[in-house]
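Undergrad: from the sequence below, what's the structure:
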Amino acid sequence: MASIHRQTHDGAVTWQARWREPHDDRQRKKTFARKIDAERFVVTLEADKVRGTYLDPNAGKILLRDYATQWLAAQTFEDSTRVATEVRIRVHVLPTLGALELRAIKPSNVQQWLRTLENLAATYQRVIYSSLNAILTAAVDDELIARNPCKARSVRRPALPARKVIPWTLDQLHAVHDALPDRYAIVATLGAGLGLRQGETFGLALEDIDFPRRIVTVRRQVKVYPDNQLIFALPKGQKTREVPLPSVVADELAAHLQRFRPTGVTLPYKTRTGAPHTAQLILTSRERRALNRNYFNARIWKPALRAAGLPATRSNGTHALRHLYASVLLDSAESIRAVATYLGHSDPGFSLRVYAHLMPNSETRTKNAIDHALRSPVGTERGDEASA
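TA: Numbers count the residues shown, from 1 in each chain. Okay, the predicted model is just below:
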């Protein structure tokens, strides 16, 4: 049991709480100026022992910046993800919270910090918040702090604006396709015709196309680090997939390959220092290098959008091509599971949440099904019997 001892030094009275660590039986002590504070401390300490929530009072003294460094070093992220996470923490978290001890970070500190992010895109705010939340969750697991202040009810997590995916029309697709330079027009067709992500389009190689079977194997993407270094990596989710190759896509792809021969490009695989990997890329820059999304989006894609009469906004990025692909499949009554597979979504539920509003109206399907069932020959037969 913890105990309280009165101490006197140079006429000043203090109160010392003494207890033993439950894990290793070490003698610990803490001094208070007032007896009531010592008593409250002891009561709380003993209650925490009973609840199994006891923490060393000296735990959590480590600064957030130091613990964040340790946390990041322990993660099993992909190398590019590690670099991006480090940048987010260094630029957006540490300037405000880095000098605080973990135990000193309160929900009010987190809420005030969130206000410093208000000028950033909502999705990016959530990504940054998630990084801090993960760090503080790890601190709880390491028994450095009792609770994660990010999860307090008073902390308002950055909210995403409510919006539904509104797919492009086919006219808009054709307008953007025609506005792209000839060597890059195939980007629009690969995105809308195969549902490829931008990095997967840039990583598509001749050896991935099986024209006789009409199958495309999506096995790599081009990823870019914040310093613009490029690497090859597996598609998102670390999984390859096969996608049907429609005739119209196959025909345009074959014509593209006649005009713009595939180029052998070698990049590190998975990490900056990964083993060299060579692929006969279908799309390259004029310098015969892998395409960098930063250059492509600013110099090629956005000018094409403007030429096609579309605003050069985030919602009209190349991801709009995947939305169009999904909408066409769903409008044709393709199953949500098949759509998820072709898009490379590991969870069909995610695809359903994103695209449910694009599926044929269930009420209409129900009415049509019942109408069809009840307009059966049975009614006719009964009428025939009655007349007989």
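Undergrad: use CA for all of it now, contacts and neighbours both
TA: Fine.
Undergrad: which one is residue 224 nearest to, not counting chain neighbours?
TA: Using Cα to Cα, 6 or more residues apart in numbering and skipping the chain neighbours, the partner closest in space to residue 224 is residue 230 (4.6 Å).
Undergrad: can you check residue 209 too?
TA: That would be residue 216: by Cα to Cα, 6+ apart, it lies 4.8 Å from residue 209.
Undergrad: part of a strand, is the one you found?
TA: Yes: residue state for residue 216 (DSSP: H, G, I helix; E, B strand; the rest coil) corresponds to a strand.
Undergrad: what number of residues lie near it?
TA: 22 (other Cα atoms under 10 Å).
Undergrad: what sits against the residue nearest to residue 224?
TA: 222, 223, 224, 267, 268, 290, 292 (Cα atoms under 8 Å, 6 or more residues apart in numbering).
Undergrad: if we use 10 Å, what do you get?
TA: 80, 222-224, 267-269, 271-272, 289-293 (Cα atoms under 10 Å, 6 or more residues apart in numbering).
Undergrad: distance of it relative to residue 268?
TA: As judged by Cα to Cα, to the nearest Å, residue 230 and residue 268 stand 8 Å apart.
Undergrad: mean confidence (pLDDT) on the longest helix that the chain contains, please.
TA: For the chain, the longest helix by residue count, based on DSSP state H, is helix 122-141. For helix 122-141, mean pLDDT is 94.
Undergrad: now do stretch 99-114
TA: 95.
Undergrad: the protein: strands as residue ranges?
TA: 3-9, 12-20, 27-32, 209-210, 215-218, 221-224, 230-233, 241-244, 263-268, 276-281 (DSSP state E).
Undergrad: for the stretch 251-388 of the chain, which segments count as helices?
TA: Listed in chain order, the helices found in the stretch 251-388 of the chain under DSSP state H, counting those that start in this stretch are 293-296, 302-307, 319-331, 336-343, 348-355, 362-374, 377-387.
Undergrad: what sits against residue 5?
TA: Residue 5 neighbours (Cα under 10 Å, 6+ apart): 14, 15, 16, 17, 18, 31, 35, 38.
Undergrad: shouldn't the fourth one be in contact with residue 36?
TA: No: because the distance of 11.1 Å does not satisfy Cα atoms under 10 Å, residue 17 is recorded as not touching residue 36.
Undergrad: so where is the stretch 151-300 of the chain shaky, pLDDT-wise?
TA: 162-163 (pLDDT under 70).
Undergrad: against residue 105, how distant is the residue nearest in space to the middle of the chain?
TA: Nearest to the mean C-alpha position of the chain, counting by Cα atoms, centre = their mean, stands residue 127 at 7.6 Å. Going from residue 127 to residue 105 by Cα to Cα gives 20 Å.
Undergrad: same question for residue 66.
TA: Taken as Cα to Cα, the span from residue 66 to residue 105 is 14 Å.
Undergrad: which one's more surrounded, those two?
TA: Neighbour count, other Cα under 10 Å: between residue 66 and residue 105, residue 105 has more, with 20 against 14.
Undergrad: can you pull the phi/psi pair for the more buried one?
TA: Residue 105 adopts backbone torsions of phi -80, psi 120, taken as degrees, to the nearest 10.
Undergrad: spatially nearest residue to it, not counting backbone neighbours?
TA: residue 149 (7.1 Å).
Undergrad: got the domain ranges for the chain?
TA: 3-51, 64-151, 170-310 (automatic domain parsing).
Undergrad: and the helices in the stretch 51-200 of the chain, which stretches?
TA: Under DSSP H, counting those that start in this stretch, the stretch 51-200 of the chain gives helices at 64-74, 79-88, 94-97, 107-115, 122-141, 170-179, 186-194, 198-203.
Undergrad: columns distance to residue 301 on top of those helices, output as CSV?
TA: Supplementary listing: these in CSV, determined by distance: least, Cα to Cα, whole Å:
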stretch, distance to residue 301
helix 64-74, 34
helix 79-88, 24
helix 94-97, 35
helix 107-115, 32
helix 122-141, 22
helix 170-179, 9
helix 186-194, 10
helix 198-203, 11
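Undergrad: to residue 310, which of the ones you listed lies closest?
TA: helix 170-179 (8.1 Å; Cα to Cα).
Undergrad: just the angle between the closest one and helix 186-194, please?
TA: 150 degrees (axes from the mean of the first three to the mean of the last three Cα atoms, to 10 degrees).
Undergrad: residues making contact with helix 170-179?
TA: 167-169, 184-189, 192, 300-310, 320-321, 324, 328.
Undergrad: mind doing that once more with 8 Å?
TA: 185, 186, 187, 188, 189, 304, 305, 307, 308, 321.
Undergrad: do the same with stretch 70-87
TA: 131, 135, 138, 223, 224, 225, 226, 270, 271, 272.
Undergrad: most neighbours of all those residues, which one?
TA: Each of the contacts of stretch 70-87 was scored for neighbours by other Cα under 10 Å, and residue 223 scores highest at 26 neighbours.
Undergrad: distance check, the spatially closest residue to residue 68 that is not a sequence neighbour against residue 13.
TA: Residue nearest to residue 68 in three dimensions, not counting chain neighbours: residue 135, with 6.4 Å by Cα to Cα, 6+ apart. Separation of residue 135 from residue 13 (Cα to Cα) stands at 41 Å.
Undergrad: kindly report the same for residue 151.
TA: Distance, residue 151 to residue 13, by Cα to Cα: 40 Å.
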